[in-house]
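Colleague: Quick one, what's the 3D model for this:
(one chain, ligands or ions: 1)
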Amino acid sequence: MKSISLDITKATQFLKPGTVEDFESKVKEAQDALEKGTCPGNDFLGWLHLPSSITPDFLNDIQTCANTLRENCEVVVVAGIGGSYLGARAVIEALNNSFAWLVNDQKNPTILFAGNNIGEDYLAELTDYLKDKKFGVINISKSGTTTETALTFRLLKKQCEEQRGKEEAKKVIVAITDAKKGAARTCADKEGYKSFIIPDNVGGRFSVLTPVGLLPIACAGFSIKELVQGATDMEKATGKDVPYQENIAAQYAAVRNALYSQAGKKIEIVVNYQPKLHFMAEWWKQLYGESEGKEHKGIFPAACDFTTDLHSMGQWIQEGERSIFETVISIEQPQRKMLFPKDEENLDGLNFLAGKRVDEVNKMAELGTRLAHVDGGVPNLRISVPELNEYYIGQLIYFFEIACGISGNLLSVNPFNQPGVEAYKKNMFALLNKPGYEAESKAIQERLANEK
Ligand SMILES: O=P(O)(O)OC[C@H]1O[C@](O)(CO)[C@@H](O)[C@@H]1O
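Modeller: Numbering: from 1, shown residues only. All right, here's what the predicted structure looks like:
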């Protein structure tokens, strides 16, 4: 079986010779600390050997639940935010038909995502759309108390019960949450919903290979067995005893940290040349942003869809401040084959492309961009993925996760907490007069009055 691979040559040319080699002992130490559980945040290392610990029985349980939803729903709404949302969406969009919601293939339910914003129009339009649909809900929240998700679930639960009746609704509402605490757990137990547990020691952004990602992915009709197999093989390929030069996660962690600390590259742009990967980058952004952005440190994770964004962001990337580097996710083989046709009139002057595959043009755009950006001072890392299927996506997920764990330790932060996310929540609750926030409400009102 092939594997994803990493090319660092167009990034290391921006570093002093020997820099990556010099990182070896630090990277080994960082990975050892993960393995021994001696790093900060060591109570959140459940993802580290998660792929290889997943049993066929566990996958069967998820598949059985997915089958019930698939048999009884035209639409499945996945309610969740951040790590309780992005992994599932990343995998489903990467594998699905680009027009899945329009194609209505009858074999698979349409998967929609909600609970990831507080847009009134979004929710009103969603509930309108669902009015004549047989829909089910997967309510995902590790804490079980996240406002965006809880608000959405409240609306969807009511609507599902009104449309199907309370008893039928129970068959198509599933909760994925903490084993004991939180409103989502209390509600699931009280209503008797099928539920799955998010392990205590797996943080949201590392949870895509728990039921958080696996159930929606199975509902969409994709093989969770293959996905987990890919992740398991990558777990082996990036294990701590794999030689440094052969361990692509160790190399990625080393190069990005070297670019950050020694070459002033503060922003990493993950780039794809396949629009289906847009949400893969969104997932990656949370993984790296929440893990590393703390103590006033950390590479800012950004993303671009090429060639689309070459026509909007290309100017900045080519000639703006030289504080960026690119990590390209390149898909070697598309699933489909399409040739450019010849046109007798050739008004667009594109007959020189007649008979060529669309992907050949895309690959030349990729190569041309790489050369231009490197010439312009943008280091380039390239992750090559043989094709877009469950197996290689599983590899990619684990690759990014383990590299993130190593990288966060190299940066000397706790990669597994996210204390900074609470600040906006505290203000929002104070502004909304949430019970328990009386003192904060008073303080924030005074502050706003003084700022007038
Ligand atoms: O699964 P939960 O608890 O609803 O949290 C969703 C997301 O919100 C955060 O906790 C940030 O508030 C993320 O870390 C997490 O992925």
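
Colleague: residues in this protein within reach of the ligand, list them.
Modeller: Among all residues of the chain, those adjacent to the ligand (criterion: C-beta under 6 Å from any ligand atom) are 81-84, 141-143, 146, 149, 204-205, 290, 418, 421. Placement of C-beta: from N, CA and C, glycine included.

Colleague: filter those residues to the buried ones?
Modeller: Neighbour-count burial within the residues of the chain next to the ligand applies to 81-84, 141-143, 146, 149, 204-205, 290, 418; the criterion is 16 or more other C-beta atoms under 10 Å.

Colleague: Restricted to helices, list those.
Modeller: Of the positions in those, 149, 290 sit in helices, assigned by DSSP state H.

Colleague: now the buried ones among the residues of the chain next to the ligand in TSV, with pLDDT?
Modeller: Supplementary listing: those in TSV, determined by pLDDT from 0 to 100:
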residue	pLDDT
81	98
82	98
83	98
84	98
141	97
142	93
143	91
146	96
149	98
204	97
205	98
290	98
418	96
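
Colleague: nearest spatial neighbour of the residue in the stretch 201-350 of the chain that the ligand sits nearest to, skipping sequence neighbours?
Modeller: When distances are taken as C-beta to the nearest ligand atom, the stretch 201-350 of the chain reaches nearest to the ligand at residue 204, 2.7 Å away. With sequence-adjacent residues excluded and distances taken as C-beta to C-beta, 6 or more residues apart in numbering, residue 204 is closest to residue 83, at 2.7 Å.

Colleague: Could you grab the helix/strand/coil label for the spatially most central residue of the chain?
Modeller: The centroid of the chain falls nearest to residue 283 when counting by C-alpha atoms, centre = their mean (1.8 Å). Counting by DSSP: H, G, I helix; E, B strand; the rest coil, the backbone at residue 283 sits in helix.

Colleague: And the one 4 residues further on, by the same measure?
Modeller: In terms of secondary structure, residue 287 is helix; the call rests on three-state DSSP.

Colleague: Now the residue in the stretch 301-450 of the chain that the ligand sits nearest to: closest residue in space that isn't a chain neighbour?
Modeller: The nearest approach of the stretch 301-450 of the chain to the ligand comes at residue 421, 3.9 Å away (C-beta to the nearest ligand atom). Across the structure, with C-beta to C-beta, 6+ apart as the measure, the residue nearest residue 421 apart from its sequence neighbours is residue 290 (7.3 Å).

Colleague: Contacts only, for the one you found.
Modeller: Residue 290 makes contacts with 82-83, 205, 418, 421, as judged by C-beta atoms under 8 Å, 6 or more residues apart in numbering.

Colleague: quick one: least confident helix or strand in this structure?
Modeller: Confidence across the helices and strands of the chain bottoms out at helix 100-103, with a mean of 88, counting by mean pLDDT, DSSP states H and E.

Colleague: how close does the residue of the stretch 201-350 of the chain closest to the ligand get to residue 423?
Modeller: In this structure, residue 204 lies at 18 Å from residue 423, with C-beta to C-beta, to the nearest Å as the measure.

Colleague: got the buried residues for stretch 51-65?
Modeller: Of the residues in stretch 51-65, 51, 54, 58-59, 61-63, 65 count as buried by neighbour count, 16+ other C-beta under 10 Å.

Colleague: Show me those that map onto helices.
Modeller: Among the buried residues of stretch 51-65, the members falling in helices are 51, 58-59, 61-63, 65 (criterion: DSSP H).

Colleague: Pipe these into a markdown table and attach pLDDT per row.
Modeller: Conversion of those to a markdown table gives the following (pLDDT from 0 to 100):
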| residue | pLDDT |
| --- | --- |
| 51 | 98 |
| 58 | 98 |
| 59 | 98 |
| 61 | 98 |
| 62 | 98 |
| 63 | 98 |
| 65 | 98 |
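
Colleague: Run me through the strand neighbours of the helix or strand residue 385 falls within, direction for each.
Modeller: When elements are defined using DSSP states H and E, residue 385 is found to belong to strand 380-387. In the sheet, strand 380-387 lines up against strand 5-7 (antiparallel), strand 324-333 (parallel) (DSSP bridges).

Colleague: hmm, back to that, show me which pair in the buried residues of stretch 51-65 is furthest apart.
Modeller: Distance extremes for the buried residues of stretch 51-65: the farthest pair is 51 and 65 at 20.1 Å, using C-beta to C-beta.

Colleague: host element of residue 126?
Modeller: In this assignment (DSSP H and E), residue 126 forms part of helix 120-130.

Colleague: Residues touching that helix, excluding its own?
Modeller: Taking C-beta under 8 Å, 6+ apart as the criterion, the residues outside helix 120-130 that touch it are 75, 77, 112, 114, 152, 155-156, 159, 163.

Colleague: among those residues, who's most crowded?
Modeller: Within these, residue 77 tops the neighbour count with 29 neighbours, counted by other C-beta atoms under 10 Å.

Colleague: helices or strands next to the helix or strand containing that residue in the packing?
Modeller: Under the assignment given by DSSP H and E, the secondary-structure element containing residue 77 is strand 75-79. Of the remaining helices and strands, those touching strand 75-79 by 3 or more C-beta pairs under 8 Å, 6 or more residues apart in numbering; DSSP states H and E are strand 110-114, helix 120-130, strand 135-141, helix 147-164, helix 211-219.

Colleague: Of the strands paired with strand 380-387, flag the one that's most buried.
Modeller: Each of the strands paired with strand 380-387 was scored by mean neighbour count; the highest is strand 324-333, a mean of 21, by mean count of other C-beta atoms under 10 Å.

Colleague: and it, C-alpha only, in PDB?
Modeller: Provided in PDB are the C-alpha atoms of strand 324-333 (Å, rounded to 0.1, in the frame of the first residue of the first chain):
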ATOM      1  CA  ILE A 324       4.700  33.200   5.400                       C
ATOM      2  CA  PHE A 325       5.400  29.700   4.300                       C
ATOM      3  CA  GLU A 326       3.200  27.300   2.400                       C
ATOM      4  CA  THR A 327       2.200  23.700   3.000                       C
ATOM      5  CA  VAL A 328       0.600  22.200  -0.100                       C
ATOM      6  CA  ILE A 329      -1.600  19.200   0.100                       C
ATOM      7  CA  SER A 330      -1.300  17.700  -3.400                       C
ATOM      8  CA  ILE A 331      -3.500  14.900  -4.700                       C
ATOM      9  CA  GLU A 332      -1.600  12.700  -7.100                       C
ATOM     10  CA  GLN A 333      -4.600  11.200  -8.900                       C
END
